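# Got a predicted model here, sequence first, then my questions.
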Amino acid sequence: MNKFCLTVACESTRGIVAAISGFLAENGCNITDSSQFDDPQTGKFFMRVSFVSEEGVGLEDLRAGLAEVAAPFAMQYAIHDESEKMKVVIMVSRFGHCLNDLLYRWRIGALPIEIVAVISNH
């Protein structure tokens, strides 16, 4: 089974979660984790959904199908395969304890990322 992550940002309105979860269910996907946030100051809605494709639907097919779901909401969205490590630049300030923590988590596999650079202002 392929594991994917979907991130969404758009104007807050009724029906967004239903449209996304319905689309995923119709395409043989099972949601394993979901987080959402509505910002009342900006009127924006943000969502992150992790899911598995239990019927083998591929990334490109999901992207194409989601375009139809996203259009009525003017969604900005991205889907990526969770097996592919994200390239990350770490930016740090004077104190090294946060960098040490991130590097330790990366080394033990708790952060599935590819660190391409570390940038500091000190």
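Perfect, I can see it now. Numbering: from 1, shown residues only.

# going forward, measure contacts and count neighbours with C-alpha atoms only.
OK.

# Now stretch 25-41: average pLDDT?
Mean pLDDT, computed over stretch 25-41, is 96.

# Distance from it to the middle of the chain?
10 Å (Cα atoms, centre = their mean, to the nearest Å).

# who's in contact with it?
The set of residues external to stretch 25-41 that reach it, using Cα atoms under 8 Å, 6 or more residues apart in numbering, is 12, 21, 24, 44-57, 62.

# rerun that using 6 Å as the cut-off
Here stretch 25-41 makes contact (Cα atoms under 6 Å, 6 or more residues apart in numbering) with 45-55.

# Check stretch 5-21 too.
Counting by Cα under 6 Å, 6+ apart, 43-50, 75-80 sit against stretch 5-21.

# hmm, back to that, would you format the contacts of stretch 25-41 as a markdown table with pLDDT included?
Shown next, in a markdown table, are the contacts of stretch 25-41 (pLDDT from 0 to 100):
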| residue | pLDDT |
| --- | --- |
| 45 | 97 |
| 46 | 98 |
| 47 | 97 |
| 48 | 96 |
| 49 | 96 |
| 50 | 95 |
| 51 | 97 |
| 52 | 96 |
| 53 | 95 |
| 54 | 94 |
| 55 | 92 |
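
# Can you name the element that comes right after the helix or strand hosting residue 37?
Residue 37 is part of strand 29-39 when elements are defined by DSSP states H and E. Sequence-wise, the next helix or strand downstream of strand 29-39 (DSSP H and E) is strand 44-53.

# Go through that next one and flag the buried ones.
45-53 (16 or more other Cα atoms under 10 Å).
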